[in-house]
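**Student:** Pasting the sequence and the predicted coordinates here, then a few questions.
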Protein chains: 2
Amino acid sequence: MALVVQKYGGSSLESADRIKRVAERIVETRKAGNDVVVVCSAMGDTTDELLDLAKQVNPAPPERELDMLLTAGERISNALVAMAIESLGAEARSFSGSQAGVITTSAHQNARIIDVTPGRVQEALEEGQVVLVAGFQGVAQDTKDITTLGRGGSDTTAVAVAAAMNADVCEIYTDVDGIYTADPRIVPNAKHLEHITYEEMLEMAATGAKVLHLRAVEYARRYGVPLHVRSSYSPKPGTTVSGSVEDLSVEQAMITGVSHDRSEAKVTVRGVPDNPGVAGRIFRVVADAEIDIDMVLQNVSSTDSGLTDITFTVARSNGAVAVAELEKIQEEVGFYKVVYDDEVGKVSLVGAGMRSHPGVTATFCEALSNAGVNIDIINTSEIRISVLIQDTQLDDAVRALHDAFELGGDEEAVVYAGSGR
Amino acid sequence: MALVVQKYGGSSLESADRIKRVAERIVETRKAGNDVVVVCSAMGDTTDELLDLAKQVNPAPPERELDMLLTAGERISNALVAMAIESLGAEARSFSGSQAGVITTSAHQNARIIDVTPGRVQEALEEGQVVLVAGFQGVAQDTKDITTLGRGGSDTTAVAVAAAMNADVCEIYTDVDGIYTADPRIVPNAKHLEHITYEEMLEMAATGAKVLHLRAVEYARRYGVPLHVRSSYSPKPGTTVSGSVEDLSVEQAMITGVSHDRSEAKVTVRGVPDNPGVAGRIFRVVADAEIDIDMVLQNVSSTDSGLTDITFTVARSNGAVAVAELEKIQEEVGFYKVVYDDEVGKVSLVGAGMRSHPGVTATFCEALSNAGVNIDIINTSEIRISVLIQDTQLDDAVRALHDAFELGGDEEAVVYAGSGR
């Protein structure tokens, strides 16, 4: 008898009918002889509707109360799935994050899981129940207040519960049947991947593949929880995520795929005095506004002026704040101006194979050059190459790289849709 | 500095605008120098919408999960009111029933409060916070599962919290500005009551006055919590509920008012053998179906047949089940048939004054007789007379009694609307 943790996203639960379909799959898994723990996101648009209400009563809602409010969403979906399971003749019991022992930091809206003490979950499983755990939420260790985990929270809950209970697998159900070598909406012959290592999945997720959330994959990797990303609407196997690139033989190490990201913007600070400490001052201002910087380019001073340009990328949603914060120190630092450009896109190639194949970077740049794509910033890790380009050329770049590394399959892929939190 | 507990019903919280108005009143009370604990019902139709979803996934939803589901409603309204309070510059903190220490029995959907241990509420008050406690919900002492309190649950929560914290007053905010001598929709000159005793309020609530729930009044009486029923939309004082009829002088003891109820149905079992134990058998069958019986009439056997009729009233919503259960024992008991009639209404006169004025029953019957109203069943307590009549005559009966006991005032009353749970 295996212990299976299943996580269902919001779009898989957006109506009573979809909830019933999810319940059927859960009961099937239970009847096949498995212990089943289910983690649910909030139904469809519930979270957005609640956020909208919050903004109506307070344009800057306090985060503690926002957490109290939003956790109602998972409580609802969770209880409804439990009811649907019982209507199919199986027994089910739902628990809030707090009841399931999901202990977190007290950072409201973005708490981190400290520990999972699933005593009540274990007990209910032993009584033959299907157990439902509300995703995305926990209880703060110190204040005992209700917290939420931020983006990808329900995936993280599922992985953390799977880790704490030593589950055999953590299945993440979503709108697509797994990870592809590229977004099939851009590359029609993108190939379905049966398996991928944690590191490759992390690089894919960090560079735009939206199927799995970065934090959940990091958690799975740290605790060695095998993931299985699959479709809520199809019985086909999806993509398993496990193992390390370190353990791959040279033959096994391949190019995994091409990911892309349209969510970044480029900020250029022009005419920066090329003195020690100035770049640090600029990045500190951005960091103090709690804005993550992704790619960075510092040009060598091209003249005798002693001035240089510093270019970096941030999430578009943070662009305006980043510019405003920088302009506050313009006089103090003495640079010319800040230039903002959100007509950029990032394309990345990911794969353990590039560790053993030195020609990858050359092929990568040739492929883009042949497609007439100009590279703005380049950034690499041991198993990834990312470049910032014009956003209008992004689709062409994805197709050119996918072709150049011969990643295509024989069949047309199912087309992507969004994925729940 | 006083400690004020305020309870707001669902219709006072049905939109963002109403929530903001409620928040203003709360902040006013706080700024006047009071400690304030607020208990909120779910917003407007939330409970009905959640119930509807539940029925869609399971026509007979398990009660434990139903409680988990429905408590999301108060969690939402509670957090929103806290946000609205903070937007007015006061500090607020919301707690679930469980966090506020509302300990109950484990009877899902109809739990009773065993104890309130408001440690966290007290602490937050001491820090100067307005404290919000989710109404209608608690946590079961034995199973630690989430429970709901059934009808009038939020009123009961407010009273129980007020009792546990020794509050100076428990204000129940609703659509009307208090208790009237009759429903102003039927009797335009119905008079507003400034004060009423617990016993009178209990009799009024039990016989159809919907402003306060019976259980909450019982709880308030047991713990001596002064209630103040007032309108969410007006600053006018409402009706205070306190004290016992025992403490009233003869001069103070008056006729309180006329209440009415259209929610009952009459069940008559015809041709019942007039043997010992038979009536008991009939009432036992109804009780075993968890149906409450209100009024009862057993006719004396009118012939030598040894047969009699037994008539009683139940809630209309239970009528079909009551009849079905009785028909199951028809053969065994040997009665003729069961007759069901839901075209009945109940009118009641309530008042401590009738203890010292023996002519009340006579005046009561004369007034109805003069209005051409026929009495079907009569039922009395020390401070109440109730009669079952034709439902088409109910309004006439209310007006006739209100006139006969000279209960009218000089002004027209504000018209009633529904009240929250």
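**Tutor:** Now that the structure is in, tell me what you want to look at. Numbering: from 1, shown residues only, chains lettered A, B, ... in the order given.

**Student:** how close does A:Asp391 get to A:Leu349?
**Tutor:** With distances taken as Cβ to Cβ, to the nearest Å, A:Asp391 is found 18 Å from A:Leu349. Where you see a C-beta, it was placed from the backbone N, CA and C, and this is true even at glycine.

**Student:** Those two: who's more crowded?
**Tutor:** Comparing A:Asp391 with A:Leu349 by neighbour count (other Cβ atoms under 10 Å in any protein chain shown), the higher total belongs to A:Leu349, at 31 against 16.

**Student:** what's the next secondary structure element after the least confident helix or strand in chain A by mean pLDDT?
**Tutor:** Every helix and strand of chain A was ranked by mean pLDDT, DSSP states H and E. The lowest is strand A:296-298, at a mean of 85. Along the chain past strand A:296-298, the next helix or strand (assigned with DSSP states H and E) turns out to be strand A:307-315.

**Student:** Sheet-wise, list the partners of that next one with their directions.
**Tutor:** According to DSSP bridges, strand A:307-315 forms sheet pairs with strand A:264-273 (antiparallel), strand A:296-298 (antiparallel).

**Student:** Run through who's touching the helix or strand A:Val347 falls within.
**Tutor:** Assessed by DSSP H and E, A:Val347 sits inside strand A:344-350. Residues lying outside strand A:344-350 but in contact with it, judged by Cβ atoms under 8 Å, 6 or more residues apart in numbering or on different chains, are A:200, A:203-204, A:207-208, A:255-262, A:264-266, A:294-295, A:313, A:360, A:364, A:376, A:383-391, A:393-394, A:397-398, A:401, A:405.

**Student:** surely A:Thr156 meets A:Tyr219?
**Tutor:** Yes - using Cβ atoms under 8 Å, A:Thr156 is in contact with A:Tyr219, at 5.8 Å.

**Student:** So for the two, which sits in the more crowded spot?
**Tutor:** Under the neighbour definition other Cβ under 10 Å, A:Thr156 and A:Tyr219 were set side by side, and A:Thr156 has more, 29 against 23.

**Student:** ok now do that one, which residues does it touch?
**Tutor:** Contacts of A:Thr156 by Cβ under 8 Å, 6+ apart are A:113, A:149, A:213, A:215-216, A:219.

**Student:** can you give me the offset of stretch A:148-163 from its chain's centre?
**Tutor:** 11 Å (Cα atoms, centre = their mean, to the nearest Å).

**Student:** Now restrict the contacts of strand A:344-350 to buried residues only.
**Tutor:** With neighbours counted using 16 or more other Cβ atoms under 10 Å in any protein chain shown, the contacts of strand A:344-350 contain these buried positions: A:200, A:203-204, A:207-208, A:255-261, A:264-266, A:294-295, A:313, A:360, A:364, A:376, A:383-389, A:391, A:393-394, A:397-398, A:401, A:405.

**Student:** Take those residues and keep only those in strands.
**Tutor:** Counting by DSSP state E, the members of those that fall within strands are A:257-261, A:264-266, A:313, A:384-389.

**Student:** how much distance is there from the one helix or strand A:Glu331 maps to to the middle of the chain?
**Tutor:** Under the criterion DSSP H and E, the helix or strand holding A:Glu331 is helix A:330-333. The chain centroid and the centroid of helix A:330-333 are separated by 36 Å under Cα atoms, centre = their mean.

**Student:** Touching it from outside, list them.
**Tutor:** Helix A:330-333 is contacted from outside by A:272-273, A:278, A:281-282, A:337-338, using Cβ under 8 Å, 6+ apart.

**Student:** Of the strands paired with strand A:307-315, which shows the lowest average pLDDT?
**Tutor:** Least confident of the strands paired with strand A:307-315, judged by mean pLDDT, is strand A:296-298 with a mean of 85.

**Student:** ok and the residue in the stretch 251-400 of chain A nearest chain B?
**Tutor:** A:Glu290 (21.3 Å; Cβ to the nearest Cβ).

**Student:** Dihedrals phi and psi, that residue?
**Tutor:** Geometry field for A:Glu290 lists phi and psi as phi 60, psi 40, criterion degrees, to the nearest 10.

**Student:** Report the separation between it and B:Glu290.
**Tutor:** In this view, A:Glu290 and B:Glu290 are 56 Å apart by Cβ to Cβ.

**Student:** so where's the stretch 201-350 of chain A shaky on pLDDT?
**Tutor:** Segments of the stretch 201-350 of chain A classed as low confidence (criterion: pLDDT under 70) are A:300-304.

**Student:** and the lengthiest helix in chain A with chain B, contact?
**Tutor:** Using DSSP state H, we find that the single longest helix of chain A is helix A:63-87. Yes - if you take Cβ under 8 Å from any Cβ of the partner chain as the test, helix A:63-87 does meet chain B, through A:64-66, A:68-69, A:71-73, A:75-76, A:78-84, A:86-87.

**Student:** Buried ones in that helix, by neighbour count?
**Tutor:** Using 16+ other Cβ under 10 Å as the test for burial, helix A:63-87 gives A:64-87.

**Student:** what's the answer for stretch A:14-30, then?
**Tutor:** Residues of stretch A:14-30 classed as buried under the neighbour-count rule (16+ other Cβ under 10 Å) are A:14, A:16, A:18-23, A:25-27, A:29-30.

**Student:** can you narrow those residues to ones near chain B?
**Tutor:** Intersecting the buried residues of stretch A:14-30 with the contacts of chain B gives A:16, A:19-20, A:23 (criterion: Cβ under 8 Å from any Cβ).

**Student:** closest to A:Gln141 among these?
**Tutor:** Checking these against A:Gln141 by Cβ to Cβ gives A:Ile19 as the nearest, at 32.3 Å.

**Student:** hang on, the closest one packs against B:Val57?
**Tutor:** Yes - applying Cβ under 8 Å as the test, A:Ile19 and B:Val57 come out as touching, 5.3 Å apart.

**Student:** can you list residues touching both of these two?
**Tutor:** By the contact definition Cβ under 8 Å, 6+ apart, A:Ile19 and B:Val57 are jointly contacted by A:80-81, A:84.

**Student:** with those in mind, which one is nearest to A:Arg230?
**Tutor:** For these, the nearest to A:Arg230 is A:Val81 (17.3 Å; Cβ to Cβ).

**Student:** What residues does the closest one make contact with?
**Tutor:** Going by Cβ under 8 Å, 6+ apart, A:Val81 touches A:8, A:13, A:19, A:22-23, A:26, A:38, A:40, A:92, A:94, A:132, B:57.
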